[in-house]
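> here you go, sequence then predicted model.
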Amino acid sequence: MIDTLNTIFRKIPVWLVWVLYLIPVPVLLYMGMTGGLGREPIKALEHELGEIALQLLIIGLCLTPLRRFIGLNLLKFRRAIGLLAFTYVALHLLVWLVLDVQILSQIWQDILKRPYITIGMVGFLVMVPLAVTSNNRSVRTLGPKWRTLHKATYLAAVLGGAHFLMVSRGIQLEPLLYMATILALIGLRFYKPRKRPAA
């Protein structure tokens, strides 16, 4: 079964992941302009873009455990998923900057005074070098340092989960589940199954 799935996924082009995951952008913009996002379309657009970004970060964290524990190899899509996550984070930030706050002085005040915005901004800044170096030339140039640098994905995911927790009003199940999933997936990276003693 796993071998069959691996064969199927090997035939799926990476560009298809880009096409499928970018479809929500024009759909959400259309909904926002036609009243499909409720009474506060800008806030709803921010939320939807941010949540998709967090989902993509979680999907990226799933890829190595899937290969390690069940043999499902989706690593060919990892770069696209990471860049898509950055794209959605950037769009989430852009909507907040351009459509929500708009005033430059207010933006800096919010970043400095509101912890959830500070954490979200730090998460974005952590992702910038990851996005910039997500190409073959950077892999060759940085060598082993590339892998070390891209471990910052764990930090970006934790910061994204924390941002979602803090921006939610009161205790809500959804952001708690996101954060628990992120921490569990990071924990799996360090889990080493015990070797059975030889008979």
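Structure's in. What do you need? None of the values given here were measured: they were computed from a predicted structure. Numbers count the residues shown, from 1 in each chain.
> burial check on residue 141, number of neighbours?
Applying other CB atoms under 10 Å, we find 11 residues neighbouring residue 141. Using the backbone N, CA and C atoms, a C-beta is placed for each residue, glycine as well.
> repeat for residue 156
24.
> now the residue positioned nearest the centre of the chain: which helix or strand?
By CA atoms, centre = their mean, the chain has its centre lying nearest to residue 57, at 2.6 Å. Assigning secondary structure by DSSP states H and E places residue 57 in helix 41-65.
> following that helix, which helix or strand shows up next?
Helix 41-65 is succeeded, C-terminally, by helix 78-94 (DSSP H and E).
> which residues in the chain form helices?
Using DSSP state H, the helices of the chain run over 2-11, 14-22, 24-33, 41-65, 78-94, 104-113, 115-132, 136-142, 144-149, 152-167, 173-189.
> returning to that earlier point: what's the local residue count around the residue nearest to the residue nearest to the centre of the chain when sequence neighbours are not counted?
In space, and not counting its chain neighbours, residue 57 is closest to residue 157: 4.5 Å by CB to CB, 6 or more residues apart in numbering. Neighbourhood size, residue 157 [other CB under 10 Å]: 27.
> returning to what we had before: mind checking which of the helices of the chain is nearest residue 72?
Taking CB to CB as the criterion, helix 2-11 is the member of these that comes nearest to residue 72, at 5.8 Å.
> roughly how far out does that closest one sit from the chain middle?
24 Å (CA atoms, centre = their mean, to the nearest Å).
> what about that helix, average pLDDT?
Mean pLDDT, helix 2-11: 88.
> so who does residue 6 touch?
71, 72, 73 (CB atoms under 8 Å, 6 or more residues apart in numbering).
> only the buried subset of these, as a ChimeraX command please.
The ChimeraX command for the buried members of the contacts of residue 6 (criterion: 16 or more other CB atoms under 10 Å) is given here:
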select :72
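> same list (the contacts of residue 6) but as a markdown table, adding distance to residue 131.
Compiled in a markdown table, these are given as follows (distance: CB to CB, whole Å):
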| residue | distance to residue 131 |
| --- | --- |
| 71 | 29 |
| 72 | 25 |
| 73 | 24 |
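> between the contacts of residue 6, which is nearest residue 184?
Closest to residue 184, out of all of the contacts of residue 6 and judged by CB to CB, is residue 72, at 17.5 Å.
> residue 66 is in contact with the closest one, correct?
Yes - counting by CB atoms under 8 Å, residue 66 is a contact partner of residue 72 at 4.4 Å.
> helices and strands of this structure: which one bottoms out on pLDDT?
When the helices and strands of the chain are scored by mean pLDDT, DSSP states H and E, helix 104-113 comes last with a mean of 79.
> what does it contact?
Against helix 104-113 from outside (CB under 8 Å, 6+ apart): 97, 101, 117, 118, 121.
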